[in-house]
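> I would like to see how this sequence folds:
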Amino acid sequence: MAQITFKGSPVHTSGDLPKVGTQAPNFSLTAGDLSQKSLSDFEGKRVILNIFPSVDTGTCAASVRHFNQSAAGLENTVVLCISKDLPFAQGRFCAAGGLENVITLSEFKDDAFSKAYGLRVENGPLEGLLSRSVVVLNEKGEVVYTEQVSEITNEPNYDAALAVV
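Reported below is the predicted structural model:
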């Protein structure tokens, strides 16, 4: 269990992010067309998991925009933007902003992803949502970078995450 903050108040997550050097847990999340996507669908690619509470907040929206811009120049890399938002809301957000270089995925059906990655917020105003985190995987699906953002309202360290890609 990690302790982070939301607007300065302590909150806890359901566990800890996967350790660097380990195989990333597979998952199944819902895409914008309501199909299921799993980590194995991106086998052989570098994967950036941009995880956040809701695309309807300024910080979360900024992270999706930043990774969308950065992803345009990355070879053999996909950016998966993951939240509990409904796929329809994620799609509207990306369409309105012309964001075409990221893939949005939703955990609205169950908590399997957040349990496997240890990032479900367990208490406080955002209880049940995903904590702001970045996990980067190499082409073999191994974790090469993680960041559990210590204050949910802050943006992740984009430079550090992109430096390992």
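> quick check: longest helix of this structure.
Using DSSP state H, we find that the single longest helix of the chain is helix 58-71.
> how near is residue 129 to residue 163?
Separation of residue 129 from residue 163 (Cβ to Cβ, to the nearest Å): 28 Å. Where you see a C-beta, it was placed from the backbone N, CA and C, and this is true even at glycine.
> ok, and the helix or strand in this protein with the lowest average confidence?
Counting by mean pLDDT, DSSP states H and E, the chain has its least confident helix or strand at helix 58-71, which shows a mean of 77.
> tell me which residues of it are tucked away?
59, 60, 61, 63, 64, 65, 66, 67, 68, 70, 71 (16 or more other Cβ atoms under 10 Å).
> center of the chain, which residue is that?
Closest to where the C-alpha atoms of the chain average out (Cα atoms, centre = their mean) is residue 51, at 1.9 Å.
> on that earlier part again, would you turn the buried residues of helix 58-71 into JSON lines with distance to residue 107?
Listed next are the buried residues of helix 58-71 as JSON lines, based on distance: Cβ to Cβ, whole Å:
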{"residue": "59", "distance to residue 107": "18"}
{"residue": "60", "distance to residue 107": "14"}
{"residue": "61", "distance to residue 107": "18"}
{"residue": "63", "distance to residue 107": "16"}
{"residue": "64", "distance to residue 107": "15"}
{"residue": "65", "distance to residue 107": "21"}
{"residue": "66", "distance to residue 107": "21"}
{"residue": "67", "distance to residue 107": "18"}
{"residue": "68", "distance to residue 107": "20"}
{"residue": "70", "distance to residue 107": "23"}
{"residue": "71", "distance to residue 107": "21"}
